[in-house]
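Colleague: sequence first, then the predicted structure, then my questions.
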Amino acid sequence: MRRFSCVAVLCALIALAGCGGSGNGSLAPAPTYVPPATGPFIYVTDGGTRVLQILQSQNGAINPAASINGPNTQLFGATGLVRDAAGNVYVADEVQNQILVFPPALAGNVAPRLVIAGASTGLNLPRGLAIDSQGRLIVANTNSNAITIYAPGASGNTAPAVTIAGAATGLSTPAGVTVDATGNIYVANEIGSISVFAAGASGNVAPARTISGAASGLNVPSGVALDASGNVYVTNANGNSITEYAAGAAGNVAPTVTIAGSSTLLAQPQGLVMSTTGNMFVTNFSVPGVPGLITVFAPGATGNVAPSQSITNMIGPIGISL
């Protein structure tokens with residue numbers, strides 16, 4: 001069972017409301033800000049129609065350093081986001097079934113430098129994105145229960161170099177994806193499981209291992225990330241929680257750590273990414289009465305713990321990268 005796409009609902013509401021002004025209940029356009037001199041930054045999709053660059057050290061109301069926003073961007077249903085080694089920004093658009101690639105410098109109402117779109121691509125409600133050590137783009141396609149992988153520089157109506165799909169894969173509403181240094185692919189399936197595919201997996205192949213079951217605490221897992229030790233971190237959208245599993249965990253295994261409770265400010269958490277210092281950045285799409293926000297948890301956070309930072313007043317953040 002798959003929950004309805006949050007961003008599709010949000011985009012429809014934005015389209016109905018229009019984009020001008022804020023006195024009539026419509027969303028105000030993103031303001032223009034003066035970029036700070038240095039990073040490091042967070043990159044996040046917000047509201048389905050924009051990508052924001054935010055200082056990692058920011059706390060409180062959102063104050064983006066730069067953004068991609070406007071009709072030339074072709075963004076309408078932006079969800080997953082990832083950056084490659086050169087800093088290029090890849091955005092999954094689940095409404096238009098395409099991947100948009102922007103240069104490292106976010107420059108307002110700018111057209112993408114590359115677009116992957118068309119019937120041959122196999123894109124079908126693309127959401128989670130990852131880049132492997134070879135520079136290949138890995139995409140989780142929620143509607144087709146498939147992982148598609150594209151060669152570096154892929155553009156246009158191009159077929160994936162690799163497709164993982166079929167009954168043996170166990171893929172079921174895949175939403176989040178990440179990859180480790182050796183090429184193993186980790187997939188968060190909203191049905192309630194984490195599938196791990198060995199490097200080089202292709203076709204209708206069984207995962208090397210799966211985390212699932214009542215003990216796992218998985219509840220509509222949406223995002224997945226790894227730390228430097230290979231521990232697995234998962235956002236649970238319906239559980240308003242983050243669960244951590246030991247490297248190599250498989251089966252109906254309990255998490256080693258659970259972050260959950262009112263102090264955490266978790267509200268339909270979606271994407272997550274780990275910094276080199278072990279801080280965890282989490283997008284929270286929002287729930288009624290709670291605007292979208294990014295919560296940051298320090299290394300070792302557990303239980304009903306307050307985030308070390310929170311970036312607030314967002315529209316509906318989903319994808320996140322550093």
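Modeller: Arrived safely, thanks for sending.
Colleague: from what I see, Q74 and Q96 are in contact.
Modeller: Yes: under the criterion of CB atoms under 8 Å, Q74 makes contact with Q96 at 7.4 Å. Every residue, glycine included, has its C-beta placed from N, CA and C.
Colleague: which strands and helices lie in contact with the host helix or strand of Q270?
Modeller: Per DSSP states H and E, Q270 falls inside strand 269-274. If contacts are counted by 3 or more CB pairs under 8 Å, 6 or more residues apart in numbering; DSSP states H and E, strand 269-274 sits against strand 221-226, strand 232-236, strand 241-245, strand 280-284, strand 317-321.
Colleague: mutual contacts of Q74 and Q96, please.
Modeller: When contacts are counted by CB atoms under 8 Å, 6 or more residues apart in numbering, Q74 and Q96 have no shared neighbour.
Colleague: picking that back up, out of the helices and strands packed on strand 269-274, flag the one nearest A111.
Modeller: strand 317-321 (19.5 Å; CB to CB).
Colleague: give the pairing partners of that closest one; include direction for each.
Modeller: Sheet pairing of strand 317-321 (DSSP bridges) gives strand 41-46 (antiparallel).
Colleague: and the strand it pairs with, how far out from the chain middle?
Modeller: In this view, strand 41-46 has its centroid 10 Å away from the chain centroid, taken as CA atoms, centre = their mean, to the nearest Å.
Colleague: what's it in contact with?
Modeller: 51-56, 65, 75, 78-81, 83, 89, 91, 271, 281, 283, 292, 294, 311, 314-322.
Colleague: mind giving me the packing neighbours of the helix or strand following that strand?
Modeller: The element immediately downstream of strand 41-46 (helix or strand, assigned by DSSP H and E) is strand 50-55. Identification of packing neighbours for strand 50-55 by 3+ CB pairs under 8 Å, 6+ apart yields strand 41-46, strand 66-69, strand 78-83.
Colleague: next, count neighbours for Q56.
Modeller: 17 (other CB atoms under 10 Å).
Colleague: and for I164?
Modeller: Counted with other CB under 10 Å, I164 comes out at 26.
Colleague: now for the closest residue to it other than its chain neighbours: which residues touch it?
Modeller: In space, and not counting its chain neighbours, I164 is closest to I147: 4.1 Å by CB to CB, 6 or more residues apart in numbering. For I147, the contact set (CB under 8 Å, 6+ apart) comprises 138-141, 162-165, 169, 171, 174, 177, 185, 187, 197.
Colleague: wait, Y186 sits on A198?
Modeller: No: applying CB under 8 Å as the test, Y186 and A198 come out as separate, 11.2 Å apart.
Colleague: which of the two has more neighbours?
Modeller: The neighbour count for Y186 versus A198, taken as other CB under 10 Å, is higher for Y186 (24 against 14).
Colleague: a strand runs through that one, doesn't it?
Modeller: Yes: counting by DSSP: H, G, I helix; E, B strand; the rest coil, Y186 is part of a strand.
Colleague: from P255, how far out is it?
Modeller: Using CB to CB, to the nearest Å, one gets 15 Å for the distance from Y186 to P255.
Colleague: and R209, what are its bridge partners?
Modeller: V196.
Colleague: list the contacts for it?
Modeller: 196, 248-251.
Colleague: repeat that for L293.
Modeller: 265, 267, 284, 286, 310-314, 317.
Colleague: buried among the residues you listed? Need that as a selection in ChimeraX.
Modeller: Command for ChimeraX that selects the buried part of the contacts of L293, burial taken from 16 or more other CB atoms under 10 Å:
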select :265,267,284,286,310,311,312,314,317
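Colleague: filter the contacts of L293 down to just the ones in strands.
Modeller: Among the contacts of L293, the ones falling in strands (DSSP state E) are 284, 310-314, 317.
Colleague: G248: neighbour count?
Modeller: Using other CB under 10 Å: G248 sits among 12 other residues.
Colleague: check P291 too.
Modeller: Counted with other CB under 10 Å, P291 comes out at 16.
Colleague: contacting residues for it?
Modeller: 312-315.
Colleague: tell me the confidence at G289?
Modeller: For G289, the pLDDT comes out at 76.
Colleague: tell me which residues touch it, please.
Modeller: Neighbour list for G289: empty [criterion: CB under 8 Å, 6+ apart].
Colleague: picking up where we left off before, pLDDT check: weakest of the ones in strands among the contacts of L293?
Modeller: Lowest pLDDT among the ones in strands among the contacts of L293: N313, 91.
Colleague: so the nearest residue to it once chain neighbours are set aside bridges to which residues?
Modeller: Of all residues not flanking N313 in the chain, A61 sits nearest, at 4.7 Å (CB to CB, 6+ apart). Using DSSP bridges, the beta-bridge partners of A61 come out as T312.
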